[in-house]
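Trainee: Take a look and give me a structure for this.
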Amino acid sequence: MPNMNGFQLYERILQLDVSMRVCFMSALEINIQALTEVYPNVNLGCYIEKPVTIKYLIKKLSAELD
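Mentor: So this is what the prediction gives:
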C-alpha cells in the first residue's frame, strides 16, 4: 500500500466500525511492546506469521470467526 501501512489501515477500519475483527499477517517478526508504543490501539488478537499453509490459514481464520 503506497500511502499507509497495515497498522494505519487497521486504525482507519476501527474508525469506521469498532467491532470489526482484523487478522494481521506478516513475514516479519513483531516486537509487540514496541508496536504498542507506536500504535497503542492495535490489538494483535489474531496474528498469522508467513509463510503459512492454506490448511493453517483456514483453521486460524475459522477459529477467529467462531
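
Trainee: Other residues contacting stretch 52-66?
Mentor: The contact list for stretch 52-66, computed with C-beta atoms under 8 Å, 6 or more residues apart in numbering, reads 21, 23, 25, 45-46, 48. Heads up, the C-betas are built off the backbone N, CA and C, glycines and all.

Trainee: Relative to the whole chain's centre, how far out is that stretch?
Mentor: Computed by C-alpha atoms, centre = their mean, to the nearest Å, the chain-centroid distance of stretch 52-66 equals 14 Å.

Trainee: Sort out which residues of that stretch are buried, please.
Mentor: Across stretch 52-66, burial judged by 16 or more other C-beta atoms under 10 Å covers Lys60.

Trainee: and it, C-alpha only, in PDB?
Mentor: Taking C-alpha atoms only, stretch 52-66 is exported to PDB below (Å, rounded to 0.1, in the frame of the first residue of the first chain):
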ATOM      1  CA  VAL A  52       1.600 -20.100   6.000                       C
ATOM      2  CA  THR A  53      -0.100 -23.100   4.600                       C
ATOM      3  CA  ILE A  54      -3.700 -22.900   3.300                       C
ATOM      4  CA  LYS A  55      -4.800 -25.500   5.800                       C
ATOM      5  CA  TYR A  56      -3.400 -23.500   8.700                       C
ATOM      6  CA  LEU A  57      -4.800 -20.200   7.300                       C
ATOM      7  CA  ILE A  58      -8.300 -21.700   7.100                       C
ATOM      8  CA  LYS A  59      -8.000 -23.200  10.600                       C
ATOM      9  CA  LYS A  60      -6.900 -19.900  12.100                       C
ATOM     10  CA  LEU A  61      -9.500 -17.800  10.400                       C
ATOM     11  CA  SER A  62     -12.300 -20.300  11.200                       C
ATOM     12  CA  ALA A  63     -11.300 -20.200  14.800                       C
ATOM     13  CA  GLU A  64     -11.400 -16.400  14.800                       C
ATOM     14  CA  LEU A  65     -14.800 -16.300  13.200                       C
ATOM     15  CA  ASP A  66     -16.300 -18.800  15.800                       C
END
